[in-house]
Every structure is written in structure tokens, then in C-alpha cells.
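> With the input below, show me the fold.
(chains A and B)
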Amino acid sequence: MSSQLHEQLKSYERMLTIRQFETEAERQYKAARIGGYCHLSSGQEAATLGAVDAMLEDDLLVTGYRCHGFALARGVPATAVMAELFGRRDGCAHGRGGSMHMLDVGRGFLGGWGIVAGQLPIATGLALGLVRQRRNAAVLCELGDGAVNMGAWHESLNLAALWGLPIVFLVINNDYGMGTSVEHASSEPEIYRRAAAFRMHGERVDGDDIGAVGEAATRLLGRARDERLPAVLEALTYRYRGHSVADAGLAYRTREEIAAHQARDPLTRMRSSLLAQGARESDLEEISRAVSERIAEAVSFAEQSPPPDVGTLAKGVYSPGSAGQFARMIPGSPFGERELVFAGGLGQ
Amino acid sequence: VSTPQPETGGQPSGPEPPATTWISYREALRMALREELARDERVFLMGEEIGAFEGAYKVTAGLLAEFGADRVRDTPISEEGFVGAGIGAAMLGERPVVEVMTINFLLVAMDQVINHAAKIRAMFGGQVGCPLVIRTPNGAGNQLTAQHSQSFDGWFASTPGLKVVAPANPADAKGLLKAAIRDDDPVLVIENLPIYKEKGEVPLDADHVCEIGRAAVVRSGSDVTLIAHSYATVRSLAVAERLAERHDIQAEVVDLRSLRPLDVETIAESVARTNRAVCVEEGWPSYGVTAEIAARIQSACFDDLDAPVERVGMAEVPLPYAKNLELAAMPGEDRIEAAVLHTLGVA
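Numbers count the residues shown, from 1 in each chain, chains lettered A, B, ... in the order given. Below you'll find the model as predicted:
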């Protein structure tokens, strides 16, 4: 087997991991073992993995709330992502964040964020931090097509261009922001063109072609790192499921439309390409089996991880060393609160 | 649009038509919107997903089909833009009703609300008004985590120039929303996620309007007064029943309904009789609604109080995802009951 084919089989396995993870997350949500909002990314695997794999080790990743796939793509173990969805201690945010707020500081993934476009100024600031610290790295900032109509988009792009920051704004254009199509939300539906308003490079790529996404992301992240040229990369893709698990996703689009997109499914496309290059059916079946096993392990790991200790409710609200500042109002102090509102790990 | 008048004279006397209907809070809001859209051409709706998607919480279901896209206007995700657009249209005498998906997202438009809408009438010497309504739900309890579980009622209620109402039942939802739409000032109508599905008797009268600035005694009692608004009222009513059953304590419950203006009179009248007060809110209590109420009570009822005013609110943390942590943070019935017992010296 050629090393190139071997690499592609690896990518296929990781895309399949995201797909199967999302399918399992939906199943667990419907069994009421996952709560809150749960936004699935089935259909967007090539755009996700292609872009994340273009990152180097020191690069930083910031995303919106549809972030399970990005966490997995960046190497966060499926066990830690599933445990987070279960709200358990071994989750990647220790059960505090849930579906929308995955992160892995060690892997440079500084958060899934829940307010549309809220992550853009933050990502811009991370890029500024990289420049100030003279680090040869770039930020990959993911956002959805809905986020480009927020003021934060315009302000962030302007700052990034004005200051020459090493950042790539990756627009995952899956045709809909919640139930509103791009055409109904955006006066310039060719989103990548908006970069021109800031004299920034923008381009559009077939987001269901992992090779095309990878090539563009590698090139643009390279320019950002080496030449401090920010860019917009728009990846055209589609989400098969509703906006969240609570949305059937059929009020604003037809089953035929979904089927048409599924006909050019990124996983099916990659599968065909692998077979054409000489991969055997049995290899692909073996991959599928291994992935299923890993997802089952993730669920079993999440089940066994304990919930957070209620006594740690206030843990992490403030930095270590802050306890003294609150000493004259916390429970137990004269005139202090009777209830444990600030205690339970303040400043620890 | 004329309201059909009941026929009189010459008609056989039949059974009286029903004066109320049993519907949910969300349906009561929809009824108010539909009636006001029909009553006044100047009324129009704007917001994310309110048309084809029928609203994130289905309040506007059916209104696009009935009134068309000009009056039920879908917006992009651009809160600062469409809240501000509502302000501008209101300055020309339109009656925009802007839906913001949750109060958490209203923060994106905070500058338009606080620095602009709230200022217009005073800053321009009373020459221009802003009859804008913003509808948005607060609330927690569905594991929606730190950025989607907040209640900022106190922030808005502390702002001169805004009016803030927060209905806790379907009848008030209809009456207060209609009052807000007919009011000449910017009014924030704070709805509530857990109450949307709650049902109650709602007057069918198309002119059922609740006066802004009036609290309601929603349960009578003589031992202690619970003062609450929005979902905290629902919790307080449940606790009052529990106190009666378990401890033979009769709690009076005052539902504020309106936070700004605030009906201090109704609060003080009740506390002067019961001599004890427990203030409850879903938001963080520090510098919050309960802080304001407690200050008003100590000032109005200093000589009537037999115990310090108690406050119950959300634990002062960004809300965590894990179910057990979230439950521990919420101002649940056990915590409210404990505060009541404490103020009565029972525990």
C-alpha cells in the first residue's frame, strides 16, 4: 500500500469517527443521557478535518458551538468529548461546558463558543497575541454562514487586515443559519467575496472535498503564519441534521434537498476514491468496525466517569489566590452569606 | 379594524359566550400579537426565525401566513442591527415588536437598548419617542450552560428610560404584552423558557390589558410575604403550598409583574401585614432585583419587620452544564423553603 493511500485511509477513518460519533451523540441525546443543546455536524466532516489537518502543532483553533467534530479532528479523544456530553468529570471541560464548549488547551483548541460570532474578536485577539509573542503560528477561526451578518464579523476582519494578523476565518457554509438560508440572510451570499471589503484575500472551496479543503487551508494558514496575511476561506458543505437535535430540520428544506446533498456525501466520495486507488473493501470494513468499537468505548467511558462533585460548584470562577478578596463576604465570615454561594473551591 | 359588537335587543337570550380560554403562556402571547397586529397597522414583528420557522419557541406560529412577510419580518442573525432598526422605526411612530431569541443574545444589542432606546425621549427634550417592544425569554434549567442560561432582568430594570415587565402566567402574558405594544415608551417584555408551556385561563377580550406598574397578590397569607417575578413566582407559589401542608405556614405571594416601574405600594402593604419578607429571583442576587426589593422594604417597612429580609437567587457562578451542578445552582423550592423557615425562626 502506498504511503499516500495509507494517509488517505487514516483520514477516512477520522472522518468516519466524526460521523459515527455524531450519530451516537444523537442516539444518547434521545435516550436523555445528553442534555442542553446538541448541534451535530454530520455531512461537514471533510470541511472540518481538511481544515484542522492543515494546522501545525503550534497553531490555535477557535470554533462556534457546532464543535464536536472540530474537537475530534484536533485529536481530543472521543472518550473526553463523549464524557463532556454526558456532563462527567473526565469530559474535556470537566462537565462544565457540554456540547457547545469543548476545548483542549494542550492541543491549542481554545474553545467552542455559544454566541453567534462571539468567537471572532477573541480569535482576532489570539492572533494579536501570537504576533506580540513572536510565535510563528496562526489561528484557525471557524464560524458558520449565519455569523457573517453580525457586527463582530466586520469588526474582526477589519482589525485582522488592519493589523496584519495571522488568522484564517473558516466559514463553514452549510446553507442554513438555523432555519434561514444564506440567500435569505446575506445580501452578498457569496460570503468569501466579503473579504474584499477589507482588502483581504477570500476564496471558496468545495467543502465536501477533503483534498481541496486541505490544499486551500494549508496555503492560507501558511501565508498567515509566514507573511501575516489574514484570509477568509469559505467551505461549501451541508448539515444533514437539524440546527440542533431538537430541530427536525424539515420546516425550511425538503427531504429531496437533503437527499441531493447526501448523494455527494464526503464520506461516500472518499470511499469511492479509495477503492479506485486500490484500497480493498475489507480494509474499509475493518476501519468501520474499529471506529464503531472506539465510539462504543467512548460511551462506556462516559458512563463510568463520575459526575462532578456538587461541592465544586464554584470551582474555577476566579483565579487561584482570589479567595482572600472574597473573605469578607463568603459563608462563615461575619455577615457573610449563609449559603455556599462562593465556596466549594473558590480560587483553588 | 373594528371589534365586533355584541348584538343587543331582539335576540333570544342564550348562554353567555365564554369570557376566558384555557391556553398556554406561548399561546397567550401569540393571541396578544395577533390581536394587536389586527388592531393597529403600525404594529409589525421582527426577529430571527419568527416566520417560516415560527419562532425558536413557536410564539409566532401561524402569524407569517396570516399577516404576510411585511409585518412578520424574518431577520438575519444581527441583533444589534435589527434591535436598532426597531428603534428607528419606532421613532417614526411605527410599533415594532422585536423578538430576541433569548435574553443572552440581547447583550449583543445592549448598546442600542441602553445607550439609544432608553435615552431618546429625555436626550431630545421629549420631542421624539420610541414605542418599541422587545420580547425575549430568560431562564435556566435545561443544561444550556453558561452562555445561554442567564436572567439579566435587574440590569435592564436599573435603566431609566426603559420599562420592564415579566409575566409569570398566561393571562398576564397576554395583558402585559398588549400593554407594552400600546405603550409610548420602549418596553422590555421578559418571557420565560420554563413557563412557555404552562397553561391557564386567559381572557378572550381583545382589550384585556394589564396595567404596567401593578404587582398582584397571587396568593394570600398572613405569616410571610414571598416577593418574586417570572419563574420565581411559579416556584414561590409551589413553596407556599408546601409550607401550608408541611408547616402550617400561610405565605402570601406577591408577583411583581412589572420591574420598572415597580409597585412598591403592594409590596409594602403586604409586608406591613406579614412582617416578614423573602425575595426570590432567578438571576444572581448581588446587585439584583432582590437587592432592590430588599432595599425598598427596609425603607418602607422598617418598623414592621420582625426579621431581616431574606433573598434567594441563582448561585453566583456561570451556570455549569452537568445536571447535578446546575440543579445545585438554581433557586429551587428547597432553598426558598429554607429561607422562609429561617426568617420565621423555625430553622
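
> Quick one: the strands in chain B, in order.
B:20-24, B:43-47, B:72-74, B:95-99, B:133-138, B:163-165, B:187-192, B:199-203, B:216-219, B:224-228, B:251-255, B:258-260, B:277-280, B:310-312 (DSSP state E).

> Kindly reformat the ones you listed as TSV and extend each row with distance to chain A.
Bear in mind the C-beta positions are built from the backbone N, C-alpha and C, glycine included. Formatted as TSV, the strands of chain B follow (distance: least, CB to the nearest CB, whole Å):
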stretch	distance to chain A
strand B:20-24	18
strand B:43-47	11
strand B:72-74	6
strand B:95-99	13
strand B:133-138	14
strand B:163-165	22
strand B:187-192	18
strand B:199-203	21
strand B:216-219	25
strand B:224-228	17
strand B:251-255	20
strand B:258-260	23
strand B:277-280	13
strand B:310-312	9
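
> residue ranges for the helices of chain A, please.
A:3-30, A:45-52, A:68-73, A:78-85, A:119-132, A:151-163, A:182-185, A:210-227, A:255-262, A:266-276, A:281-304 (DSSP state H).

> angle of the longest one against helix A:281-304?
Going back to what we said before, that points to helix A:3-30. 40 degrees (axes from the mean of the first three to the mean of the last three CA atoms, to 10 degrees).

> Which positions in helix A:3-30 come out as buried?
Neighbour counts over helix A:3-30 (16 or more other CB atoms under 10 Å in any protein chain shown) mark A:8-9, A:11-22, A:24-26, A:28-29 as buried.

> What is that helix packed up against?
Other elements packing on helix A:3-30 under the criterion 3 or more CB pairs under 8 Å, 6 or more residues apart in numbering or on different chains; DSSP states H and E are helix A:45-52, helix A:68-73, helix A:78-85, helix A:266-276, helix A:281-304.

> I'd like the strands of chain B laid out as TSV, including mean pLDDT and mean neighbour count.
Compiled in TSV, the strands of chain B are given as follows (pLDDT from 0 to 100; neighbours: other CB atoms under 10 Å in any protein chain shown):
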stretch	mean pLDDT	mean neighbour count
strand B:20-24	97	16
strand B:43-47	98	23
strand B:72-74	97	21
strand B:95-99	98	25
strand B:133-138	98	26
strand B:163-165	98	27
strand B:187-192	98	26
strand B:199-203	98	18
strand B:216-219	98	18
strand B:224-228	98	30
strand B:251-255	98	26
strand B:258-260	98	25
strand B:277-280	97	30
strand B:310-312	93	24
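
> Nearest the geometric middle of chain B, what residue?
B:Ala166 (1.1 Å; CA atoms, centre = their mean).

> got the contact list for that residue?
With contact set as CB atoms under 8 Å, 6 or more residues apart in numbering or on different chains, B:Ala166 has these partners: B:138, B:153, B:189-192, B:229-230, B:256-259.

> Over to B:Pro285?
Neighbour list for B:Pro285: B:291, B:311-314, B:316 [criterion: CB under 8 Å, 6+ apart].

> Redo those residues as TSV? Include distance to A:Gly35.
What follows is those, written out as TSV (distance: CB to CB, whole Å):
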residue	distance to A:Gly35
B:Ala291	31
B:Arg311	28
B:Val312	24
B:Gly313	23
B:Met314	18
B:Glu316	22
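
> for these, which one is nearest A:Arg255?
B:Met314 (42.4 Å; CB to CB).

> ok, for residue 229, nearest residue in space, not its chain neighbours?
Just so you know, I chose chain A. With CB to CB, 6 or more residues apart in numbering or on different chains as the criterion, A:Leu229 has its nearest non-adjacent residue at 4.5 Å, and that residue is A:Arg223.

> my bad, chain B
Per CB to CB, 6+ apart, closest to B:His229 is B:Leu256, 4.0 Å.

> I'd guessed that neighbour sits against B:Ser270; true?
No: between B:Leu256 and B:Ser270 there is no contact under CB atoms under 8 Å: 11.6 Å.

> what do these two both touch?
Both B:Leu256 and B:Ser270 are in contact with B:Ile227, where contact means CB under 8 Å, 6+ apart.

> So for those two, which sits in the more crowded spot?
Shown here are B:Leu256 and B:Ser270; by other CB atoms under 10 Å in any protein chain shown, B:Leu256 has more neighbours (28 against 24).
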